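Enquirer: A predicted structure for the sequence below; I have some questions about it.
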Amino acid sequence: MTGGIRMRGDRRRRAAMAVAAAKAAEREAQKLARAVSPAARADLQAVAASAHEAIRKAGRDVERRPRRARRRARRAEARLERAALAIPTGTRRGAGGGRAGTPPADAAKARAKLIKRRRAEAKQAQQMAKIVAAHVAVAAATTPTDAEHREKAAKRSTRRSAPQAPQGSAPQGGAPPAAPGS
């Protein structure tokens, strides 16, 4: 009968690990929500709220119903991952996805990392947008207006059309040109 006891303890331990992984994914999803646009934030927070409730229920079920707790935690974590993948971050990256045959603990870490990576991508996209906006502002401030451009062209044309003194003659009212080699 000791095999059954050990098995139940093992199930509880695996359920507790699944709940912990789901909580880590939830934390990363909340961080991602703070890093994206307000529209995407609302969607992600709605999914995170329902996942939070499922994770809480799973945490309460670990002792009494470990299988249910584990399933609930994994489903909540997967829901968070799908929501993170649906967030546009400005990159063309698809789902990293776990390979078949990977241990569940590795898959849980990979999901948390994926959400973290999506947050970094969103942050990078926002930084790039700020840089582009700064470049546009500088270009707008330094580029001459049409009126300034016309004024400059008019000055240039008046300078070119003004009569020029012959090359070898002395300037009017000035000293004679200096002799070469002196």
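Expert: Yep, that arrived.

Enquirer: Would you state the helices of this structure in chain order?
Expert: Assigned helices in the chain, in chain order: 2-35, 38-64, 66-86, 104-142, 146-161 (criterion: DSSP state H).

Enquirer: tell me the most buried of those?
Expert: Mean neighbour count (mean count of other Cβ atoms under 10 Å) peaks for helix 66-86 among the helices of the chain, with a mean of 21. Bear in mind the C-beta positions are built from the backbone N, C-alpha and C, glycine included.

Enquirer: Look up how far Ala46 lies from the residue nearest the centre of the chain.
Expert: For the chain, Ala122 is the residue whose C-alpha lies nearest the centre (Cα atoms, centre = their mean; 1.5 Å). For Ala122, the distance to Ala46 (Cβ to Cβ, to the nearest Å) stands at 17 Å.

Enquirer: How about Gln30?
Expert: 12 Å.

Enquirer: surely Ser50 meets Ala83?
Expert: No - in this structure, Ser50 is not within contact of Ala83 by Cβ atoms under 8 Å, at 9.8 Å.

Enquirer: so where is this structure shaky, pLDDT-wise?
Expert: 1-6, 89-105, 164-182 (pLDDT under 70).

Enquirer: who's in contact with the closest residue to Val47 other than its chain neighbours?
Expert: Leaving aside its chain neighbours, Val47 sits nearest to Ala83 (4.0 Å; criterion: Cβ to Cβ, 6 or more residues apart in numbering). Contacts for Ala83 (Cβ atoms under 8 Å, 6 or more residues apart in numbering) come out as 29, 43-44, 47-48.
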